[in-house]
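Student: Quick one, fold the following:
(one chain, ligands or ions: 1)
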Amino acid sequence: MEIISSIIEMKKLAAHEEKSGKKIGFIPTMGFLHEGHLSLVDLLRDCSDLLILSIFVNPTQFGVGEDLENYPRNTTRDIELCRERGVDIVFIPQEKDLYLDDSSTFVSEEIASKKLCGLARPTHFRGVTTICAKLFNLCRPSFVALGQKDAQQIVVLKRMIRDMHFPIEVKVGPTIRESDGLAMSSRNQYLNSSQREDALLINRALEAGKSLVVKKGITNADRVKAELMSILRSGRFLRINYAEVVNCETMRVESEIQPGRSMLVVAAWVDSVRLIDNVKL
Ligand code: AMP
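Tutor: Alright, predicted model coming up:
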């Protein structure tokens, strides 16, 4: 396994591999890796000749007052996990190389990114699409793996890839959970034990909502949302940002659930930690 931090070296190597007909698989991450990230390595192994995983805590996707400074980092451990999992290249670029001092260009998706998380974090997705465009140009992937946990990010990035004509196929891996159902997230480590109890309500609410649809055949979105809200409101430290029924492909809010096409999405703060999760219906 190779560790590359120079963007020039990364660009040269990827262009060379691409030219010689190799298919590159790419997993963009912000590090502090867990099984959710590593499952994406497995997802791309068979279709890729070269597997690149990037680690970069991207400042432009954090808003003012968010957790950029405190975002958990452990590069030594991340590198070891990548080695064990069979990553070929860990790309750890530097901020000053990716964002020049007088950098003045952003890539922005203008529809799907404006809803849900985009309302609470108005510059977040612009940061995500901008950094991904830069990383795609440097790493030249044929395949990019994204996790279902970040459902809106998938929709936004798929649209950006399509609209900007990146020759990339997106593969989506399932949400990987702790044994108690909490979706794995680098931010979970901020939670103390009572906050973690509240965080569990998110998955519990989503499962209860899903069960109304799957077992009782309910398709009225308000009825299902009411169930989610009543469970989420029982948390002492939990503040709901949103709990919605949306279309999986567009993230548009729906009043009538369409099994196979709709999903439940939740974002909530547990104390100061913002968590998101979703379940397909
Ligand atoms: P992040 O490091 O949070 O930017 O995440 C990098 C990638 O890992 C994104 O595609 C995420 O959707 C994915 N990911 C994060 N957590 C999980 C999880 N629990 N299950 C599956 N994928 C995940």
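
Student: From now on I want contacts and neighbour counts done on CA atoms only, so please keep to that.
Tutor: Will do.

Student: I figured Gly63 hits Arg121, correct?
Tutor: Yes: applying CA atoms under 8 Å, one finds Gly63 in contact with Arg121, separated by 6.5 Å.

Student: Those two: which is more packed in?
Tutor: Arg121 (18 against 15; other CA atoms under 10 Å).

Student: okay, now the domains of this structure?
Tutor: 2-173, 186-280 (automatic domain parsing).

Student: Any idea which of these gets closest to Ser179?
Tutor: domain 186-280 (11.0 Å; CA to CA).

Student: okay, now Asn278: neighbour count?
Tutor: 25.

Student: repeat for the one 3 residues further on
Tutor: Applying other CA under 10 Å, we find 21 other residues in the vicinity of Leu281.

Student: can you list contacts of stretch 13-21?
Tutor: For stretch 13-21, the surrounding residues in contact (CA atoms under 8 Å, 6 or more residues apart in numbering) are 23-24, 138-140.

Student: again, only this time at 10 Å
Tutor: 4, 7, 9-10, 12, 22-24, 49-50, 52, 137-142 (CA atoms under 10 Å, 6 or more residues apart in numbering).

Student: Filter those down to the buried ones.
Tutor: 4, 7, 10, 22-24, 49-50, 52, 138-142 (16 or more other CA atoms under 10 Å).

Student: can you give me the strands for the stretch 151-281 of the chain?
Tutor: 169-173, 238-247, 262-270, 273-280 (DSSP state E, counting those that start in this stretch).

Student: Run the angle between the second one and strand 262-270 for me.
Tutor: With axes from the mean of the first three to the mean of the last three CA atoms, to 10 degrees defining the directions, strand 238-247 sits at 160 degrees from strand 262-270.

Student: now the angle from strand 238-247 to strand 273-280?
Tutor: Using the same axes, to 10 degrees: strand 238-247 against strand 273-280 is 30 degrees.

Student: Which residue lies nearest the spatial centre of the chain?
Tutor: Asp150 (3.7 Å; CA atoms, centre = their mean).

Student: what's that residue in contact with, if anything?
Tutor: Contacts of Asp150 (CA under 10 Å, 6+ apart): 175, 265, 276-278.

Student: which among these gets closest to the ligand?
Tutor: Relative to the ligand, the closest of the contacts of Asp150 is Thr175; by CA to the nearest ligand atom it sits at 3.5 Å.
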